[in-house]
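**Q** the amino acid sequence is not available; the structure is as follows:
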């Protein structure tokens, strides 16, 4: 393409953490420009947020309904090409469906929707319209995560036997939802967050990472969910035994009451020949462990990495890349794919590597089955999308 892609945004206004992250990530490679937005359900906040981002007032909307209607009427050389949706979980479904019906491609923060039924409707709408949808499971964007996936796919570890993935945080160790903490307030509220707290918020990231790197689907699980902080309505801690489609087993741990922990999402995958380990707080190192040779430390930007890792690396070895760059990799791959769709030309399949609506459906089904298992006396719950 000989121009930038035009991005709209729903949500992400003043004092919203994740909206700014999306805008930084979308801009990092110079492939997009923010063209319009409805940044809050409050029209006054939306208008001020848009002005703060130097948007023309006519492209700052009071509601996403008005935004999609008005943008669709604009000339194709002016209107947005895709919309990013960064609202709380309960406000995902309607703007996604409306955007797709209006002909706009979508980037959406996870989870994709409020329920599995909604997620399936979104997936069907994506198939029906032929439009693109990117779900921002950020951690799949790291270069060494992509390299780990390639190593497993190539059989370097041999058949996979064990997968351990853990995501401990400590920020909800106290009842932050009672102290005017906006992020804590909606994440612990069933009406806005959904049926699960910790597992819905970060457990889904862990589950997606396990499936992404291993290339294996979870088929059974056995969950234990806890509400540790007194008075909290949703789980803030839990553990899940996993069974994968090839017979491999695993353990997933997620907690938001692990006092003192920051964001050390860690995964270990073991095959017959060896294993690998990756930690989100040290994302530029991949540890390779072997039965018959010394342990190896692979580094982002270093020699011998896969094409997928190199494509998603921006700086020479020794220059750390982190969360924003990983987030930007999802946007870049989505934008490269979208540009090729708009131009009508072919593209290498490596550009298609970003989470999609199917990942969104699996994420919502994971939440359903974890909650079902956590309240059941039956040991194993089948992971079936219903």
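**A** Thanks, I have it. The model shown is predicted, which means the values in this text are computed figures rather than measured ones. Numbers count the residues shown, from 1 in each chain.
**Q** do a quick rundown of the strands in the stretch 151-300 of the chain.
**A** Per DSSP state E, counting those that start in this stretch, the stretch 151-300 of the chain has strands spanning 160-168, 218-226, 237-244, 249-255, 266-271, 274-279, 285-290, 296-299. These are given in chain order.
**Q** list the helices and strands the third one packs on?
**A** Applying 3 or more C-beta pairs under 8 Å, 6 or more residues apart in numbering; DSSP states H and E, one finds that strand 237-244 makes contact with strand 160-168, strand 218-226, strand 249-255, helix 357-374. The way it works is simple: take the backbone N, C-alpha and C, and place the C-beta from them, glycine included.
**Q** what angle sits between it and helix 357-374?
**A** 110 degrees (axes from the mean of the first three to the mean of the last three C-alpha atoms, to 10 degrees).
**Q** equivalent analysis for the second one, please.
**A** In this structure, strand 218-226 runs at an angle of 50 degrees to helix 357-374, with the same axes, to 10 degrees as the basis.
**Q** name the residues that touch strand 218-226?
**A** Residues outside strand 218-226 that contact it (C-beta atoms under 8 Å, 6 or more residues apart in numbering): 196, 198-199, 207, 210-211, 235-245, 366, 369-371, 373-375, 379-383.
**Q** how about the shortest one?
**A** Around strand 296-299, the neighbours that count as contacts under C-beta under 8 Å, 6+ apart are 144, 147, 284-288, 290, 304-305, 317-318.
**Q** narrow those residues to those that are buried.
**A** For the contacts of strand 296-299, a neighbour count by 16 or more other C-beta atoms under 10 Å gives the buried set as 144, 147, 284, 286-288, 305.
**Q** which of these lies closest to residue 330?
**A** Nearest to residue 330 among the buried ones among the contacts of strand 296-299, counting by C-beta to C-beta, is residue 144 at 15.4 Å.
**Q** just checking, the closest one touches residue 278?
**A** Yes. Contact criterion C-beta atoms under 8 Å: residue 144 and residue 278 qualify, at 6.0 Å.
**Q** where exactly do the helices run in the stretch 101-250 of the chain?
**A** 116-129, 143-153, 182-187, 190-193, 198, 204-214 (DSSP state H, counting those that start in this stretch).
**Q** give me the most central residue, this protein.
**A** Centroid-nearest residue in the chain, with C-alpha atoms, centre = their mean: residue 137, separated by 1.7 Å.
**Q** touching, it and residue 360? I think so.
**A** No. Counting by C-beta under 8 Å, residue 137 stays clear of residue 360, with 9.1 Å between them.
**Q** need the overlap of contacts for the two.
**A** Common contacts of residue 137 and residue 360 (C-beta under 8 Å, 6+ apart): residue 110.
**Q** so who does the spatially closest residue to residue 186 that is not a sequence neighbour touch?
**A** Closest residue to residue 186 apart from its sequence neighbours, by C-beta to C-beta, 6 or more residues apart in numbering: residue 192 at 4.4 Å. Residue 192 is in contact with 88-90, 186, counting by C-beta under 8 Å, 6+ apart.
**Q** break this structure down into its domains, please.
**A** Using automatic domain parsing, the domain parsing of the chain gives 5-131, 143-316+362-382.
**Q** now do the buried residues in stretch 35-54.
**A** Here stretch 35-54 shows 35-40, 46-50, 53 as buried, counting by 16+ other C-beta under 10 Å.
**Q** ends of it, what's the gap?
**A** Using C-alpha to C-alpha, to the nearest Å, the end-to-end distance of stretch 35-54 comes to 10 Å.
**Q** mean confidence score for that stretch?
**A** On average, the pLDDT along stretch 35-54 is 97.
**Q** how far off centre is that stretch?
**A** The chain centroid and the centroid of stretch 35-54 are separated by 24 Å under C-alpha atoms, centre = their mean, to the nearest Å.
**Q** grab the nearest non-local neighbour of residue 310.
**A** According to C-beta to C-beta, 6+ apart, the nearest residue to residue 310 is residue 143 (7.6 Å).
**Q** so who does that neighbour touch?
**A** Contacts of residue 143 by C-beta under 8 Å, 6+ apart are 300-301, 305, 308-310, 312-313, 321, 329.
**Q** among those, which one sits closest to residue 173?
**A** Using C-beta to C-beta, these come closest to residue 173 at residue 321, 29.8 Å.
**Q** how close does the closest one sit to residue 314?
**A** Distance of residue 321 to residue 314, given as C-beta to C-beta, to the nearest Å: 6 Å.
**Q** more crowded one of the two?
**A** residue 321 (20 against 16; other C-beta atoms under 10 Å).
**Q** can you tell me the helix or strand for the more buried one?
**A** Using DSSP states H and E, residue 321 sits in no helix or strand.
**Q** most remote residue from the chain's center?
**A** Computed with C-alpha atoms, centre = their mean, the residue of the chain farthest from its C-alpha average is residue 292, at 36.1 Å.
**Q** how close does it sit to residue 273?
**A** For residue 292 relative to residue 273 (C-beta to C-beta), the value is 8 Å.
**Q** got it, and residue 73?
**A** When distance is defined by C-beta to C-beta, residue 73 is 59 Å away from residue 273.
**Q** neighbour count for those two, which is higher?
**A** residue 273 (15 against 9).
**Q** how about the backbone phi and psi for that one?
**A** Torsion angles at residue 273 (phi, psi; degrees, to the nearest 10) stand at phi -90, psi -30.
**Q** before we move on, back to that, can I get the contacts of residue 143 in a markdown table including pLDDT?
**A** Putting the contacts of residue 143 into a markdown table (pLDDT from 0 to 100) gives the following:
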| residue | pLDDT |
| --- | --- |
| 300 | 97 |
| 301 | 95 |
| 305 | 96 |
| 308 | 93 |
| 309 | 95 |
| 310 | 94 |
| 312 | 95 |
| 313 | 95 |
| 321 | 92 |
| 329 | 97 |
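**Q** out of the residues you listed, which are buried?
**A** 300-301, 305, 308-309, 312-313, 321, 329.
**Q** quick check, nearest of those to residue 8?
**A** Nearest to residue 8 out of those is residue 329 (C-beta to C-beta; 21.2 Å).
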